[in-house]
Structure formats: C-alpha cells, structure tokens
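**Q** sequence unavailable; structure follows:
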C-alpha cells in the first residue's frame, strides 16, 4: 500500500468517525475525538518545548542573559502543580495584563482606527462616484455600529436611530461572516466525502 493511499484511508477513517456524531455519540466518534485531542496536546507540548529551547535556552547560552527573566516567570507558572501554587499568580497576572494591553491596542488599531483611516484614504483617493459613495456609507455604518455600544445614554431620538441602524449593520456583518464560515464547512465536508469515496474506489480498484 502506497503512502498516498495510507493517508487517504487515515483521513477517511477520521472523517467518517467525526460525521458519525450526526447520528449520535458513539464509541467510534469518542475514539476519533481522543485521538485528535491527544495528538493535538502532544503536538502543542513538543512545539512548546522546542519554542523554549530556540527562543529561551539557546539565546541565554549565547549571551542574552536578560531572557532569564521570562524563563523564570515561565517556570513559576508551574507552581500550580505544587503546594506553593501562589507563586504562579505573578506570571499569570503579568501575562494577562500584557495580553489585554496588546489585544486592546491591536483591536483599536485594526478594527476602529485603521478602518477609519482606510475609509478616509479611500474617499480622498476615489476617482469615481461609486467608490466615494461606498466609502462614505462604510464610514457611516462603522460610526453607527460604534454608537450602538454607547450605554451611558438611553438609545432614544437621534442616537436611538443611529444605534438601531448600527445594530442592523452588525447583524448583516455577522450574517455574512457566518455564511462564509458555513460555506467553508460545506467545502471541507465535500473534501472529506471526496476523500472517503476515493479511498473506497482505490480499495476496489475502480479508476
């Protein structure tokens, strides 16, 4: 049996096991679930150990002594597994604070500031009325979507109208997003089904 046929059979075995959940939960599905979770955990563990070696231990041995600090913080997180679990609070609190700061800054830049800047640049660089109208509408829609999340004032009057329009924009955006996600799922399902059919045809010798 060739490697190509082997991997085709293995992927078919996984795909069929996952799709059996449509019928009901069964031992076959649980087996596949455990295999995927176990393989994922093993991969994450090996990748994490490799990352510690390449980004921590190796640079420290080459002279970058300051990297000892994050390495010590990483070791302290393992304190949760010991009677001195309180030592893990410090690295967890530090990582959480840094992560939230980066997340908020990135979200503001990517989803608000960057989008407003892009809309403004599109309006200024527009060479036809359609592009201008589209960019202006995108700017108004973005502003209304932001106004929907203003909770310090009741949504009445002009603010209420803009907030309701913002809610419509948000629902439309979520609908498009879920539609794209569903389309990807259907594509993946079709690929899995095709792999299963190809594997059965290969076993039967059907060209």
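**A** Thanks, I have it. Remember, predicted model here, so these are calculated numbers, not experimental data. Numbers count the residues shown, from 1 in each chain.
**Q** where does the protein have low pLDDT?
**A** Applying pLDDT under 70 to the chain flags the ranges 1-3, 206-207.
**Q** select the longest helix from the protein.
**A** If you go by DSSP state H, the chain has its longest helix at helix 157-204.
**Q** packing partners for that helix?
**A** Packed against helix 157-204 by the contact rule (3 or more C-beta pairs under 8 Å, 6 or more residues apart in numbering; DSSP states H and E) you find helix 3-19, helix 129-147. Where you see a C-beta, it was placed from the backbone N, CA and C, and this is true even at glycine.
**Q** could the ones you listed go into a markdown table alongside mean neighbour count?
**A** Formatted as a markdown table, these follow (neighbours: other C-beta atoms under 10 Å):
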| stretch | mean neighbour count |
| --- | --- |
| helix 3-19 | 15 |
| helix 129-147 | 15 |
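**Q** ok, back up a step: angle of the longest helix of the chain against helix 129-147?
**A** For helix 157-204 against helix 129-147, the angle between stretch directions is 100 degrees (axes from the mean of the first three to the mean of the last three C-alpha atoms, to 10 degrees).
**Q** residue nearest the centroid of the chain?
**A** What sits nearest the mean C-alpha location of the chain, by C-alpha atoms, centre = their mean, is residue 181, with 12.1 Å.
**Q** which residues does stretch 14-22 contact?
**A** 26, 28, 29, 31, 32, 35, 36, 189, 192, 193, 195, 196 (C-beta atoms under 8 Å, 6 or more residues apart in numbering).
**Q** quick one: which of the helices and strands packed on helix 157-204 is nearest residue 119?
**A** helix 129-147 (4.5 Å; C-beta to C-beta).
**Q** gap between that closest one and the chain center?
**A** Computed by C-alpha atoms, centre = their mean, to the nearest Å, the chain-centroid distance of helix 129-147 equals 27 Å.
**Q** residues in contact with it: which ones?
**A** Defining contact as C-beta under 8 Å, 6+ apart, one finds that helix 129-147 is touched by 112, 115-116, 119-120, 122-123, 126, 159, 162-163, 165-166, 169-170, 173.
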